[in-house]
Structure formats: C-alpha cells, structure tokens
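Asker: The following block contains a protein sequence and its predicted model.
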Amino acid sequence: MITACSDGMIRVFTKDKGKKASEAEIMEFENQAKINKVSKAQGGVSQSEFTNIPDVSEIQSVPGKKEGEIKIVSENGLPVAYSWSVAENR
C-alpha cells in the first residue's frame, strides 16, 4: 500500500520482508507519528505543518481578511503570531 500525506511524504507499506525498511527507518517513522499525535492532542502544530508556515518576509504579500485575524509566520526558525490590523493594513 502506498500513502501520500499532507506532510509531503510518500510511504510504502508491504508484507514483503525483502523490501522492509531498516530498523532505524521504522523507529523514525514511529517517533514522528508519536510526536505528531502528542502535538495534535495538545492543540499544537505537527512538525510537518510547521515546515509549511510562511516566512515572515511573506507576511505583507498575503493580507488579512478581517480585524484581529491571526497570522502565523516563521521568524528565525520559530513560529510567531501576528494580529492583522485593517486600519494599518498590516
């Protein structure tokens, strides 16, 4: 079975032992699944979602739609939230 997910990864699941992933790859897959599950349970974003956050340099190219709209961008590798101001157009 082949899956393609929103994290941009394609995964192949098989019963063929000759095509089995290495133990390190299996552990990485399981660890990432646990991290994403905990993050979602706590209301946060997963690592795959975080990598899709636009850079702060792009914030002006996508204006907000309403007063107080929260925009999340990556600033120096960290997520930062900004509140949109219609009056100031920023």
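Answerer: Happy to help now that I have it.
Asker: Find the nearest non-adjacent residue to Phe13, please.
Answerer: Nearest residue to Phe13 in three dimensions, chain neighbours excluded: Met1, at 4.6 Å (C-beta to C-beta, 6 or more residues apart in numbering). C-betas here are computed from N, CA, C, even on glycine.
Asker: show me what contacts the one you found?
Answerer: Applying C-beta atoms under 8 Å, 6 or more residues apart in numbering, we find Met1 in contact with Val12, Phe13, Thr14.
Asker: for those residues, which one is nearest Met27?
Answerer: Within the contacts of Met1, the smallest distance to Met27 is 15.9 Å, found for Phe13 (C-beta to C-beta).
Asker: now the protein, which segments are flagged as low pLDDT?
Answerer: Screening the chain residue by residue with the criterion pLDDT under 70, one finds the ranges 6-7, 38-48, 90.
Asker: can we see that at 80?
Answerer: Per-residue confidence for the chain (pLDDT under 80) gives these ranges: 5-9, 33-52, 59-64, 77-79, 86-90.
Asker: According to the record, where do the domains of it fall?
Answerer: Structurally, the chain divides into domains by automatic domain parsing as follows: 1-52, 53-90.
Asker: could you pull out the strands for the chain?
Answerer: Using DSSP state E, the strands of the chain run over residues 2-4, 10-12, 70-75, 78-83.
Asker: Nearest to Ser22 among those strands would be which one?
Answerer: The nearest among the strands of the chain, by C-beta to C-beta, is strand 10-12 at 13.6 Å.
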